[in-house]
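A.B. asks: test case, fold it:
(2 chains, ligands or ions: 2)
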Amino acid sequence: MIQVEGLSKSFNGRTVLQNIDALFEKGRVNLVIGRSGSGKTVFLKCLVGLLKPDAGKVYFDGRSFYDVDRSEQQTIRRELGKVFQMGALFDSMTVEENVRFPLEMFSGLSEKEKKDRVQFCLERVNLAHAASLYPSEISGGMRKRTAIARAIVNNPKYLLCDEPNSGLDPETAALIDELLLNITKEFQTTTIIVTHDMNSVYEIGEHVVLLVGGRKAWEGHGKAIFDDPNEALQEFVFSSEIMRRLRKA
Amino acid sequence: MLKSFIEGIGEYTLLLGRVFRNPGPFRLFYKRVLFEISVAGLNSVFLIVIISLFMGAVISIQLAANIESPLIPKYTVGYASRQSIIYEFSTTVVALILAGKVGSHMASELGSMRISEQIDALEIMGVNSASFLILPKIVGFVFIHPFLVLLSMVIAIFGSYAAVVFTGMIPHGDFIMGLELDFKYFDVVYALVKTFVFAFLISSISSYKGFYVRGGASEVGHASTQAVVASIFSILTANLVITMLMLL
Ligand SMILES: Nc1ncnc2c1ncn2[C@@H]1O[C@H](COP(=O)(O)OP(=O)(O)O)[C@@H](O)[C@H]1O
Ligand SMILES: [Mg+2]
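C.D. replies: Numbers count the residues shown, from 1 in each chain, chains lettered A, B, ... in the order given. Ligands and ions are numbered 1, 2, ... in the order given. Model prediction:
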């Protein structure tokens, strides 16, 4: 469970996040949605100290990230997997080495156990055939899946994903959604996914937080997005032509 | 200007504090050091050989051509070539050249890792990214640089010998006599001290410049230029300080 209280962040006097409260439960797919530039990435980075919030608290199962000492913060980070918006794969390593890396650094596993675990994760994201390729040699969708495999290899308690399926064709995007949903259920992770993909919201969003202008404008279930009368929500959901047409039909 | 310089020194010092701390499992560290040795060291061998050969030759030819007075013995050419090569050329000039080659490479590698969020990815895994990435670079380069300098000395002295002896400007015996004249081991110690200091400056300053890049590709380019400039200034300053301390 990740709990956020009064999170605020501004850059050079420009407010990006304003007093955000949210509760992200375990074993549930939590989504943070909003327009491009609405502060989703900043929000995710503020959860784990990649950016330092100006105010607010973040609790990982009761441990307040910004109040514990550095070694406890490291412990929390090791219990966490993060999929970056651009993948952030290590380009000097192959797909397999990327996925293996967290195990090499921290696990006390034997060579065989590591191998099995990496193999398991690669198969989980359908990449066993690409294990020996470098990030520059694979497609965008494969890069995202590699990043997901790397994020889950350590059996994380918390899984944070920044637009894991943006820039992909609808079919691949749906596969990634399904994968993240399954992982969340199977391993009971506290999953937070940042997205602006309406399909993801509807299909896998069990708890959705909408950010507008740095504030929390709405929260609720993904299936409720078409019926809830909330203005900010409706504006966001029907901001594209295709959604407006679908509504008319 | 002065303020940002002082802030930079502060940030650099803090970074070094993080660098010399737990770099992760030894097996990985060792592999990374070997990798850095091959990137920074072995890939520079060809450049060092060529430059040393030509510069050595030019040094002795200039000396030989300028000594016309019959009062100055011919072995002076061998002696003076040796001194300029050990004192300055193979230590300082080679360090300046490697600041360009190795320094810019280190800065741009770390810079592109920064902007593509690879460094954040390490941090989020709970890795001390500063020491994981930078310590192997410093250790690797400080280890291999003395060998490069030694190589440069040997090749440059050979170049200076070849240029004046094979052309008949200076007889073989005179040149060798000059080479051996008044040889002090202290000179080698002096050269080695410089070598270690310069290697540390190049690798740590360039890493620092790359590690804190903000922005995009053009900032990476900028950081890599800055790495070279800052390394060169630090080498020149350190050279002056070490020379005053050790030779005066
Ligand atoms: N490091 C930074 N420095 C200054 N401004 C930033 C920084 N990171 C993000 N911002 C600003 O914060 C706003 C939100 O960005 P971001 O969280 O990346 O949006 P998105 O919702 O598309 O992920 C943007 O206006 C962006 O310009
Ligand atoms: Mg974003």
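A.B. asks: where does chain B get nearest to ligand 1, residue-wise?
C.D. replies: B:Arg214 (7.4 Å; C-beta to the nearest ligand atom). Just so you know, the C-beta spots here come from the backbone N, C-alpha and C atoms, and that holds for glycine as well.
A.B. asks: from A:Asn12, how far out is the residue nearest to B:Gly159 when sequence neighbours are not counted?
C.D. replies: Residue nearest to B:Gly159 in three dimensions, not counting chain neighbours: B:Gly56, with 2.9 Å by C-beta to C-beta, 6 or more residues apart in numbering or on different chains. Look at B:Gly56 and A:Asn12: by C-beta to C-beta, to the nearest Å, they are 54 Å apart.
A.B. asks: the more surrounded of those two?
C.D. replies: Set B:Gly56 next to A:Asn12 and count neighbours by other C-beta atoms under 10 Å in any protein chain shown: B:Gly56 wins out with 27 against 4.
A.B. asks: toward the C-terminus, what is the element adjacent to the helix or strand where that one lies?
C.D. replies: Using DSSP states H and E, B:Gly56 sits within helix B:45-66. Going down the chain from helix B:45-66, the next helix or strand is helix B:76-84, by DSSP H and E.
A.B. asks: now for whatever helix or strand comes next after that following helix, which elements pack on it?
C.D. replies: In the C-terminal direction, the helix or strand that comes right after helix B:76-84 (DSSP H and E) is helix B:94-98. Counting contacts by 3 or more C-beta pairs under 8 Å, 6 or more residues apart in numbering or on different chains; DSSP states H and E, helix B:94-98 packs against helix B:45-66, helix B:129-165, helix B:185-211, helix B:217-247.
A.B. asks: can you put the ones you listed in a markdown table and add distance to ligand 1 and mean pLDDT?
C.D. replies: As requested, the helices and strands packed on helix B:94-98 are exported to a markdown table (distance: least, C-beta to the nearest ligand atom, whole Å; pLDDT from 0 to 100):
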| stretch | distance to ligand 1 | mean pLDDT |
| --- | --- | --- |
| helix B:45-66 | 38 | 95 |
| helix B:129-165 | 17 | 96 |
| helix B:185-211 | 16 | 95 |
| helix B:217-247 | 13 | 96 |
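A.B. asks: just say helix, strand or coil for the spatially most central residue of chain A.
C.D. replies: Of all residues in chain A, the one closest to the mean position by C-alpha atoms, centre = their mean is A:Cys161, 1.6 Å from it. Put simply, A:Cys161 is strand when judged by DSSP: H, G, I helix; E, B strand; the rest coil.
A.B. asks: quick one: contacts for it?
C.D. replies: By C-beta atoms under 8 Å, 6 or more residues apart in numbering or on different chains, the contact list for A:Cys161 reads A:Lys82, A:Val83, A:Ile148, A:Ala151, A:Leu180, A:Thr191, A:Ile192, A:Ile193, A:Val194.
A.B. asks: show me the subset of those residues that also lies near chain B.
C.D. replies: By C-beta under 8 Å from any C-beta of the partner chain, the members of these lying near chain B are A:Lys82.
A.B. asks: make TSV from the contacts of A:Cys161 and add neighbour count to it.
C.D. replies: Converted to TSV, these look like this (neighbours: other C-beta atoms under 10 Å in any protein chain shown):
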residue	neighbour count
A:Lys82	27
A:Val83	27
A:Ile148	25
A:Ala151	28
A:Leu180	24
A:Thr191	29
A:Ile192	25
A:Ile193	30
A:Val194	25
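A.B. asks: same list, the contacts of A:Cys161, but as a markdown table with pLDDT please.
C.D. replies: Converted to a markdown table, these look like this (pLDDT from 0 to 100):
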| residue | pLDDT |
| --- | --- |
| A:Lys82 | 96 |
| A:Val83 | 96 |
| A:Ile148 | 94 |
| A:Ala151 | 95 |
| A:Leu180 | 95 |
| A:Thr191 | 97 |
| A:Ile192 | 98 |
| A:Ile193 | 97 |
| A:Val194 | 96 |
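A.B. asks: what's the helix or strand of chain A with the lowest mean pLDDT packed up against?
C.D. replies: Least confident element among the helices and strands of chain A, by mean pLDDT, DSSP states H and E: helix A:241-248 (a mean of 84). The criterion is 3+ C-beta pairs under 8 Å, 6+ apart, and there are no helices or strands that helix A:241-248 contacts.
A.B. asks: hey, C-alpha coordinates of it in CSV?
C.D. replies: The C-alpha trace of helix A:241-248 is given here as CSV (Å, rounded to 0.1, in the frame of the first residue of the first chain):
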residue,chain,number,x,y,z
GLU,A,241,-12.8,13.4,-31.6
ILE,A,242,-13.1,9.6,-31.7
MET,A,243,-14.4,9.5,-28.1
ARG,A,244,-17.0,12.2,-28.9
ARG,A,245,-18.2,10.3,-31.9
LEU,A,246,-18.4,7.1,-29.9
ARG,A,247,-20.5,8.9,-27.4
LYS,A,248,-22.9,10.1,-30.1
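A.B. asks: show residues contacting it.
C.D. replies: Helix A:241-248 has contacts (C-beta under 8 Å, 6+ apart) with A:Met198, A:Phe226, A:Val237, A:Phe238.
A.B. asks: measure B:Gly173 to B:Ser84 for me?
C.D. replies: For B:Gly173, the distance to B:Ser84 - C-beta to C-beta - is 21 Å.
A.B. asks: which of those two has more neighbours?
C.D. replies: Per other C-beta under 10 Å, whichever of B:Gly173 and B:Ser84 has more neighbours is B:Ser84, with 20 against 12.
A.B. asks: residues contacting the more buried one?
C.D. replies: B:Ile59 are the contacts of B:Ser84 under C-beta under 8 Å, 6+ apart.
A.B. asks: do that again at 10 Å, thanks
C.D. replies: Counting by C-beta atoms under 10 Å, 6 or more residues apart in numbering or on different chains, B:Ser84 makes contact with B:Met55, B:Gly56, B:Ile59, B:Ser60, B:Gln62, B:Leu63, B:Ser90, B:Val93, B:Ala156, B:Ser160.
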